[in-house]
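[1] Prediction below, plus the sequence it came from.
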Amino acid sequence: MSNPSIGFLGAGKMATALAQGFLRANLVQVDHLYASDVVPAAAEAFARATGGRVLAGNTEVAAAADILFLAVKPDQVAGVLKGCQSFLEPQRHVLISIAAGVPLAALEAAAPGQRFIRVMPNTPALVGASASAFALGSAARPADASLAYRLLGSVGLALEVKERLLDAVTGLSGSGPAYVFLMIEALADGGVAAGLPRDIAQKLAAQTLLGAARMVLETGQHPGALKDAVCSPGGTTIEAMHELEKGGVRAALISAVRASADKSRRLGQS
């Protein structure tokens, strides 16, 4: 699709972040961007943030757009699909679900014969730094995979995985920005406790995580090796690492990812 029209069924924060990312990447024109939401405040916020058209309901969006993002709560997905069924055309539409935990089998049961892609993105799509993974449904075409790479790759990293791995993706990168925001907040608090002004501490904390992440991605080195390179014998960093290990930071992060992944699996079974 050289000039796609994109619709969001559900106009919450993740939908807004993706829409803004697509606009920033010039993947969609604002007059080809549509959304609907049963919550007026969400629809209004989407319109303010993106300039896209908010339509009266899901069926209007399905009629207007070729690419449809299912961005409603997991327990609403089946009802939304069934309500739009008579407006969906497999030759025309690609349906991309970002509903956490909803398996492709459930999507295809609610709208048989449609071309589905199940995606787990994250909110840094807003700044072109998302980490997304996707799996194709049984009726999807090779071109649909290319479309997923094009859309999601325009707002960050995009990887195709087997569907059974998407719950783990949810636990890691889907929920992961919240873990990192907590780290930035905690590091900034530590800086303030050590005497730094709040604004300086927060900027230093955020840039430190950004820089460390770029080193992992760009050098290809194991994060453990990069960590060891910072820890001089008898120095300040190894002293700090000892405190982190005593506090169970490593174990807590592993547990957080597993807990989020387990919750995603339970959502898919409900």
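    Looks like it arrived, so ask away. Numbers count the residues shown, from 1 in each chain.

[2] what residues does the helix or strand of the chain with the lowest mean pLDDT touch?
    Ranked by mean pLDDT, DSSP states H and E, the weakest helix or strand in the chain is helix 13-24, scoring a mean of 90. If you take C-beta atoms under 8 Å, 6 or more residues apart in numbering as the criterion, helix 13-24 is touched by 6, 8, 28, 30, 33, 35, 45-46, 49-52, 69, 71, 98, 121, 123-128, 130, 151, 154-156. (C-beta placed from N, C-alpha, C; glycine too.)

[3] what comes up buried for that helix?
    Neighbour-count burial for helix 13-24, with 16 or more other C-beta atoms under 10 Å as criterion, is recorded at 14-23.

[4] Pull the distance from the helix or strand following it to the chain's centre.
    Following helix 13-24 in sequence order, the next helix or strand is strand 33-36 (DSSP states H and E). On the basis of C-alpha atoms, centre = their mean, to the nearest Å, strand 33-36 sits 18 Å off its chain's mean C-alpha point.

[5] in its sheet, what does strand 33-36 sit against?
    Paired strands of strand 33-36, with direction, are strand 6-9 (parallel), strand 53-54 (parallel) (DSSP bridges).

[6] ranking the ones you listed by burial, who's on top?
    strand 6-9 (a mean of 29; mean count of other C-beta atoms under 10 Å).

[7] got the angle between the longest strand seen in the chain and helix 13-24?
    Determined from DSSP state E, the single longest strand within the chain is strand 130-136. Strand 130-136 runs at 100 degrees relative to helix 13-24, counting by axes from the mean of the first three to the mean of the last three C-alpha atoms, to 10 degrees.

[8] Which of the contacts of helix 13-24 fall in strands?
    6, 8, 33, 35, 69, 130, 156.

[9] what's the closest of the strands paired with strand 33-36 to Arg265?
    The minimum distance between Arg265 and the strands paired with strand 33-36 falls on strand 6-9, with 23.8 Å, by C-beta to C-beta.

[10] Convert the C-alpha atoms of the closest one to CSV, please.
    Coordinates of the C-alpha atoms in strand 6-9 are reproduced here as CSV (Å, rounded to 0.1, in the frame of the first residue of the first chain):
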residue,chain,number,x,y,z
ILE,A,6,-5.2,3.7,8.7
GLY,A,7,-8.0,3.4,11.3
PHE,A,8,-7.8,2.8,15.0
LEU,A,9,-10.7,0.9,16.7
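
[11] what sits against Thr123?
    13-14, 17, 130, 177.

[12] How about His93?
    So His93 contacts 62, 66-68, 114-115 (C-beta under 8 Å, 6+ apart).

[13] Mind putting those residues into CSV with pLDDT and distance to Met215?
    Shown next, in CSV, are the contacts of His93 (pLDDT from 0 to 100; distance: C-beta to C-beta, whole Å):
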residue, pLDDT, distance to Met215
Ala62, 95, 44
Asp66, 95, 40
Ile67, 97, 35
Leu68, 97, 38
Gln114, 95, 42
Arg115, 97, 39
